[in-house]
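In: here's my sequence, what's the structure:
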Amino acid sequence: MDYRLELIVLPVSDVERARDFYRGIGFHEDSDYVADDDFRVVQFTPPGSGCSIAFGTGISDAVPGSVDNVHLVVEDVVAAREELLSRGAEVSEVFHDEDGVFHHAGDLKRVSGLSPGRASYGSFASFRDPDGNEFLLQEVSERYPGR
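Out: Numbers count the residues shown, from 1 in each chain. Modelled structure (predicted):
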């Protein structure tokens, strides 16, 4: 049995503002379904991704902005950061984790710059949508065996 992660629901407070943001940073708008004032589903897919995001009205009870650490894997974190900046997103500086294994929560043990030797899986940059839902760009230049 395959289990494919294909959709992440993001809680937002203002659907139009979120739609404008994701459209502006270059995500593909897949659908915008409105049933009535109490139910709306907007879906976007990041370029090259098999997983989409959705937000809207009546689809989540989570607190707007409460999603953290959604990883967007990129081949070049510096180039991805520059592209998002050019599209108006506020993106952190590139960083790596002091321990070099994975990033810690929040800003704990963040070290400025690319990971030593630009190790695959080791360099990150972050940005938030207008509600505060957080995305991490993670540079993966070479996949671990079995991936």
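In: helices of the protein, start to end?
Out: Ranges of helices within the chain are 15-24, 77-86, based on DSSP state H.
In: so in that sheet, which strands flank the top strand by length along the chain, and in what orientation?
Out: Longest strand in the chain, counting residues (DSSP state E): strand 28-36. Paired neighbours of strand 28-36 in the sheet (DSSP bridges): strand 39-45 (antiparallel).
In: give me the angle between the strand it pairs with and helix 15-24.
Out: Strand 39-45 runs at 10 degrees relative to helix 15-24, counting by axes from the mean of the first three to the mean of the last three CA atoms, to 10 degrees.
In: need the contact partners of strand 39-45.
Out: Strand 39-45 has contacts (CB atoms under 8 Å, 6 or more residues apart in numbering) with 7, 15, 18-19, 22-23, 27-34, 51-59. To be clear about C-beta, it is placed using only N, CA and C from the backbone, and glycine gets the same treatment.
In: let's go with 7 Å and repeat that
Out: Contact partners of strand 39-45, identified using CB atoms under 7 Å, 6 or more residues apart in numbering, comprise 15, 19, 22, 27-34, 52-59.
In: export that strand to CSV, keeping only CA atoms.
Out: Output in CSV follows, covering the C-alpha atoms of strand 39-45 (Å, rounded to 0.1, in the frame of the first residue of the first chain):
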residue,chain,number,x,y,z
PHE,A,39,-17.4,26.8,3.0
ARG,A,40,-14.6,27.7,0.6
VAL,A,41,-11.5,25.6,-0.4
VAL,A,42,-8.6,27.2,-2.2
GLN,A,43,-5.8,24.9,-3.4
PHE,A,44,-2.3,25.8,-4.6
THR,A,45,0.7,23.7,-5.6
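In: ok, the residue of the chain most remote from its centre to residue 45 distance?
Out: Distance from the centre of the chain peaks at residue 36, with 28.4 Å (CA atoms, centre = their mean). Note on residue 36: its distance to residue 45, by CB to CB, to the nearest Å, is 25 Å.
In: wait, residue 58 sits on residue 38?
Out: Yes - here residue 58 reaches residue 38: they are 5.0 Å apart, a contact under CB atoms under 7 Å.
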